[in-house]
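>>> sequence first, then the predicted structure:
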Amino acid sequence: LPVAFYDVYFKHIERININPIAMPKVYSDSKLISPCHYRYYRAKEMEICNGQKTIELKNLSAINSGMLFNTEFFLKKGGYNTNLRIDFCDHDFIERLNGQNIFADILPIDLKQDFSASTNDKGKSLHRYKIYLKDMKEYRKGKNFLLFFLRVDLPHLLKEIYRNRSFEFLKIRLQ
């Protein structure tokens, strides 16, 4: 976390008339990954202008890292799906808020994040993939199965097979 992290968050909380959600800009490999455009179950990088202070939750998502919620608002909106352990819980919650004329504040701080996909340990990747599958099965409920399979499930499976040079991921997926 940047040195100024706590100061930025405390100053934001002390302000009057803030939105119920606040989020930093999160980067991975110098690419803005959160907040992001979110359509048809896929995230796409968006541009945030310097000094932009708010963003409307409309076809957007964000990852949990550094996100700040008003607790009453969070609970009133149903909070996180308790059946999702790690993956998709952030997208699931923000997706439910999209299109409701809800705005989020953009915090004046940047975070950098590495993801589990950057590990070179096949054993850890296999364990992580099993957790991913459980969460994916919960998250895709009520969604277009074919579209979700083509845009989320299959690309992730192929990426894991290629990155780890192992068909064990396919065996796990087919079980």
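Sure, I can see it. Residues are numbered from 1 along each chain as shown.

>>> for the chain, longest helix please?
Taking DSSP state H as the criterion, the chain has its longest helix at helix 122-139.

>>> the helix or strand that contains residue 38 pairs with which strands?
In the assignment (DSSP states H and E), residue 38 maps to strand 36-39. Note on strand 36-39: by DSSP bridges, its sheet partners are strand 42-44 (antiparallel), strand 60-61 (antiparallel).

>>> after the longest helix of the chain, which helix or strand is next?
Later in the chain than helix 122-139, the nearest helix or strand by DSSP H and E is helix 145-148.

>>> and the next helix or strand past that following helix?
helix 154-164.

>>> if we can go back for a sec, tell me which of the strands paired with strand 36-39 is the most buried.
Of these, the one with the most neighbours on average (mean count of other C-beta atoms under 10 Å) is strand 60-61, at a mean of 22. All C-beta atoms are positioned from the backbone trio N, CA, C, and that covers glycine.

>>> need the pLDDT of residue 118.
For residue 118, the pLDDT comes out at 58.

>>> ugh, wrong one, I meant residue 114
Reported pLDDT for residue 114: 81.

>>> so what's it up against?
By C-beta atoms under 8 Å, 6 or more residues apart in numbering, residue 114 lies in contact with residue 28.

>>> and for residue 93?
Here residue 93 is in contact with 77, 78, 79, 80, 81 (criterion: C-beta under 8 Å, 6+ apart).

>>> kindly report the same for residue 77.
Contacts of residue 77 by C-beta under 8 Å, 6+ apart are 93, 96, 97.

>>> element containing residue 166, please.
With DSSP H and E as the test, residue 166 turns up in no helix or strand.

>>> thinking it is in contact with residue 123, fair?
No: using C-beta atoms under 8 Å, residue 166 makes no contact with residue 123, being 10.5 Å away.

>>> and those two? Which one has more around it.
Neighbour count, other C-beta atoms under 10 Å: between residue 166 and residue 123, residue 166 has more, with 14 against 9.

>>> and that one, how far from residue 105?
Noted for residue 166: a distance of 43 Å to residue 105, by C-beta to C-beta, to the nearest Å.

>>> repeat that for residue 149.
For residue 149 relative to residue 105 (C-beta to C-beta), the value is 35 Å.

>>> ok, now residue 56?
11 Å.

>>> look at these two and report which has more neighbours.
Neighbour count, other C-beta under 10 Å: between residue 56 and residue 105, residue 105 has more, with 17 against 14.
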